[in-house]
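Colleague: Need a 3D model of the following:
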Amino acid sequence: MTSRVPVTVGPADGVERRAVPEDSVSLTRSLAPRSLGSLLLAPLLLVPAQAALAMPVEGALQLRLTPAALDLAADQVEDLDPVLTEDEVSATDVECYDLLGIRDFNLSVPIDSVTLTPGNGTLRVQVELGTVHGEDMIVFGVDEDYLDACPEFESELVYATLTDGALDATLSARRSADGALELSWAAAPVVTGDLDTDISWFPDDLVLYFVEDAIFEQIGLTVAEELPPVVEELLGEAAIDGGYGDFEGGLALAEVELTPDGLWLSAEAAVSFTGEPACDIPSNPILTLDRTELALADEGDDHVGVGLTERFVGELLGVAWQAGWFCIESDAVADVVEDLASLVDPDVVTGRGYGSLDAAPVLRMTADGMLLDLSGLRVTVEGQVDGEPRDLIDMTLDMTAQAGLTLDPGTGSVVLELIDPKIDITDMDLVGFQAGSEGLVTRHVEKMVTRSVAEELSRIALFDGLYRGFGLVVRMDRFTPEQDGLAVWLRLYDEADPAVDDSAPDCTVDIVEVGADSIEVAWQGTDDRADALAFAWQVDGTGWSDWTNDGGAVIEDLDPGEHIVEVKVRDAWLNEDATPATVSATLSEKGLGLLPENCGCSGVAPVGMLGLPGLLALIGRRRRRA
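Modeller: Reported below is the predicted structural model:
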């Protein structure tokens, strides 16, 4: 006997499906090639939000997702066809049967589209399925009571096909007591569709109803079980800890909010320095600013907006200060002393020079710009006067300046730049200098301090420019100052998107001039894109310089003999040449000798993944000085 019964179940026709009791259904299953949870993961993360809205969450880091992200999410889940398999799906005590079930249960469940509708505290998930199909299954019934009318049987379920299938469910999200993202179903998933089955024989409609319910139940329970844990694993770690050198950092989920305008997340960040600072740093505390909600007003078509609050950026600067990043190197101070040598009395012997900042930097951020306050900059030059140790220069300065945002040429990270600095000398004591030298000493020190502070600010990465994860390439598109914070806007690309550049640039290097103790080189790069290129160089393998957009460099203070200069290039997608260009020159006392070599540049350097764990990279990376 063959039965072909189309059945529509669920709200579509006003008939509620009879649910098989959850405690009687085997839920052990394997899903291939990917679970429904992972298929729905991308769209869940990319919830639309309206423009120019105040963030409903506080926290050091705040996240806003835009409507363009939903379109990208839909592309990620189209045409996927996971297979749901189970050795046996069964229920006990179903009417007069002791056991009723399906062996070799299998369903192909293609996903055609996903629609997400955020609400007040909830997220509605609507999935349109393609033709769901399974075949070659066994339906069976077991009854050990011979007095009733339920015969034992075993029949072939030739196929089961669901058309016009859909799933409708509602999720709620919150932060759990241990600080993790916790997702739960506000209502059980409802599966609807037209089901057609071919069963070789069954004793009554009870068996048919069971088969129908089991199929709908398995689809719904698969999503209900698989989706929340996958998303929690991605976003909901109670704390994400990591480090870079002597820096330790952690992120903890602070708030989760669902509104009709989208999904909003915030995280608290803890960054600290555990090593020895580069110079003596007072034990003054870092200023902790108030919590704030950023606006993250959107005027573009980017996918994700990330808000870095004034409090968070201030803490980054404070930790950099604790590490000694605002210590002024002795070489810089020595250069000042050398320039002022003609002003020092003949009987004075100059010694070591150094500089430090007595209090953590303070950065104020507004929609109109940023103001940086560096109070307590101290510059000291030691020496001897008449054979006695003395401080020849003991100067204290306060610096205020506008702070701008710019991109590091090599990493694409957002860094700070110094604009229109103003310096106030609060205390100055000069020993061993000729009368009337105060003005010239002051100008030299101010110039040196400004240059040193600017260099240190450029080495603190506030946000990385590109990273990869979850099959996506995330690239920073733009950044703008906000009231009490910084907005960074990201674009998401599928890894297979033609817009993603995976080709490394090429470069050449030539000698421009050879001096007695210096080599001037010029380089040039070529790439398949019109984006800006960045270059780094090293001489004799002593370590790479910072990345620069300059077209060359003068390498000084070289000893006589042969020197090999290497130059490498990196593009805006962080593709880096694997075989740097090289050129060599031999220096004699007369500065003669030149032997250039040809260039060969190719290859791709690994690109780091940020995601939420990668936000730890916001502590910055201090790169080697040229």
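Colleague: C-alpha from now on. contacts and neighbour counts both.
Modeller: Will do.
Colleague: Could you pull out the strands in the stretch 201-350 of the chain for me?
Modeller: Along the stretch 201-350 of the chain, the stretches classed as strands by DSSP state E, counting those that start in this stretch are 240-244, 247-259, 262-273, 304-309, 348-357.
Colleague: just checking, residue 500 is part of a strand?
Modeller: No - counting by DSSP: H, G, I helix; E, B strand; the rest coil, residue 500 is not found in a strand; it is coil.
Colleague: Kindly state the pLDDT recorded for residue 597?
Modeller: If you check residue 597, the pLDDT there is 43.
Colleague: Ok, the one 5 residues further on next?
Modeller: The confidence metric pLDDT takes the value 35 at residue 602.
Colleague: Give me whichever of the strands of the stretch 201-350 of the chain is most buried.
Modeller: Ranked by mean neighbour count under mean count of other C-alpha atoms under 10 Å, the strands of the stretch 201-350 of the chain are led by strand 304-309, which reaches a mean of 25.
Colleague: So which other helices or strands are in contact with it?
Modeller: Judged by 3 or more C-alpha pairs under 8 Å, 6 or more residues apart in numbering; DSSP states H and E, the packing partners of strand 304-309 are strand 61-65, strand 485-494.
Colleague: between that strand and strand 485-494, how big is the angle?
Modeller: Compare the direction of strand 304-309 with that of strand 485-494 by axes from the mean of the first three to the mean of the last three C-alpha atoms, to 10 degrees and you get 150 degrees.
Colleague: model confidence over strand 304-309, on average?
Modeller: 79.
Colleague: who does it pair up with?
Modeller: Applying DSSP bridges, strand 304-309 is found paired with strand 61-65 (antiparallel), strand 485-494 (antiparallel).
Colleague: Would you format those strands as JSON lines with mean pLDDT and distance to residue 455 included?
Modeller: Listed next are the strands paired with strand 304-309 as JSON lines, based on pLDDT from 0 to 100; distance: least, C-alpha to C-alpha, whole Å:
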{"stretch": "strand 61-65", "mean pLDDT": "69", "distance to residue 455": "26"}
{"stretch": "strand 485-494", "mean pLDDT": "82", "distance to residue 455": "21"}
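Colleague: Let me have those strands in TSV, extended by distance to residue 129.
Modeller: Below are the strands paired with strand 304-309 laid out as TSV (distance: least, C-alpha to C-alpha, whole Å):
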stretch	distance to residue 129
strand 61-65	26
strand 485-494	23
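Colleague: Among those, single out whichever gets nearest to residue 438.
Modeller: Taking C-alpha to C-alpha, strand 485-494 is the member of those nearest to residue 438, at 40.1 Å.
Colleague: what about the helices in the protein?
Modeller: Secondary structure of the chain (DSSP state H): helices at 36-45, 67-77, 205-235, 310-322, 330-339, 438-457.
Colleague: Show me what the last one is packed against.
Modeller: Pointing back at helix 438-457 there. Using 3+ C-alpha pairs under 8 Å, 6+ apart, helix 438-457 sits against helix 330-339, strand 414-430.
Colleague: now do 10 Å
Modeller: Applying 3 or more C-alpha pairs under 10 Å, 6 or more residues apart in numbering; DSSP states H and E, we find helix 438-457 packed against helix 310-322, helix 330-339, strand 348-357, strand 369-385, strand 388-407, strand 414-430.
Colleague: and the angle for the first one with strand 369-385?
Modeller: Spelled out, that is helix 310-322. Using the same axes, to 10 degrees, helix 310-322 lies at 10 degrees relative to strand 369-385.
Colleague: again, but for the last one
Modeller: An angle of 40 degrees separates the directions of strand 414-430 and strand 369-385 when computed by the same axes, to 10 degrees.
Colleague: same question for strand 414-430, mean pLDDT?
Modeller: The average pLDDT within strand 414-430 is 90.
Colleague: what's the longest strand in the protein?
Modeller: In the chain, assigned by DSSP state E, the strand with the most residues is strand 153-175.
Colleague: okay, now residue 93: neighbour count?
Modeller: Neighbourhood size, residue 93 [other C-alpha atoms under 10 Å]: 12.
Colleague: Which residues belonging to stretch 143-163 are considered buried?
Modeller: For stretch 143-163, burial by neighbour count (16 or more other C-alpha atoms under 10 Å) applies to 143, 150, 152, 154-163.
Colleague: Of those, which one scores lowest on pLDDT?
Modeller: On pLDDT alone, residue 150 ranks lowest of the buried residues of stretch 143-163, at 80.
Colleague: Could you check how far it is from residue 525?
Modeller: Going from residue 150 to residue 525 by C-alpha to C-alpha, to the nearest Å gives 81 Å.
Colleague: try residue 379
Modeller: 41 Å.
Colleague: These two: which is more packed in?
Modeller: Using other C-alpha under 10 Å as the criterion, residue 379 and residue 525 rank with residue 379 on top: 23 against 19.
Colleague: Got the confidence number for that one?
Modeller: As predicted, residue 379 sits at a pLDDT of 90.
Colleague: Identify the residue nearest it in space, chain neighbours excluded?
Modeller: residue 355 (4.3 Å; C-alpha to C-alpha, 6 or more residues apart in numbering).
Colleague: How about residue 568?
Modeller: residue 580 (4.6 Å).
Colleague: Pull out the buried residues from stretch 124-137.
Modeller: Across stretch 124-137, burial judged by 16+ other C-alpha under 10 Å covers 124-135, 137.
Colleague: Next, format those residues as TSV and append pLDDT and distance to residue 473.
Modeller: As requested, the buried residues of stretch 124-137 are arranged in TSV below (pLDDT from 0 to 100; distance: C-alpha to C-alpha, whole Å):
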residue	pLDDT	distance to residue 473
124	81	27
125	81	25
126	84	26
127	83	25
128	87	27
129	87	27
130	89	28
131	92	31
132	91	32
133	93	34
134	94	36
135	95	39
137	96	42
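Colleague: one step back: now for the strands of the stretch 201-350 of the chain, which one comes closest to residue 326?
Modeller: Taking these one by one with C-alpha to C-alpha, strand 348-357 is closest: 6.3 Å.
Colleague: relative orientation of that closest one and strand 369-385 in degrees?
Modeller: For strand 348-357 against strand 369-385, the angle by the same axes, to 10 degrees is 150 degrees.
Colleague: Next, the angle from strand 348-357 to strand 388-407.
Modeller: Going by the same axes, to 10 degrees, strand 348-357 makes 40 degrees with strand 388-407.
Colleague: what about dumping the CA coordinates of strand 348-357 to PDB?
Modeller: Output of strand 348-357 as PDB, limited to C-alpha atoms (Å, rounded to 0.1, in the frame of the first residue of the first chain):
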ATOM      1  CA  VAL A 348      82.100  71.600  31.500                       C
ATOM      2  CA  VAL A 349      81.900  67.900  30.600                       C
ATOM      3  CA  THR A 350      78.600  66.700  29.100                       C
ATOM      4  CA  GLY A 351      77.300  63.300  30.000                       C
ATOM      5  CA  ARG A 352      74.100  61.200  29.700                       C
ATOM      6  CA  GLY A 353      70.800  62.800  28.700                       C
ATOM      7  CA  TYR A 354      67.300  61.400  29.100                       C
ATOM      8  CA  GLY A 355      63.600  62.500  29.200                       C
ATOM      9  CA  SER A 356      60.400  61.200  30.700                       C
ATOM     10  CA  LEU A 357      56.800  62.000  31.300                       C
END
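Colleague: Packing partners of that strand?
Modeller: Using 3+ C-alpha pairs under 10 Å, 6+ apart, strand 348-357 sits against helix 310-322, helix 330-339, strand 369-385, strand 388-407, helix 438-457.
Colleague: Let me know which of these is tucked in deepest.
Modeller: Using mean count of other C-alpha under 10 Å, helix 310-322 ranks as the most buried of those, with a mean of 24.
Colleague: Alright, calling it a day.
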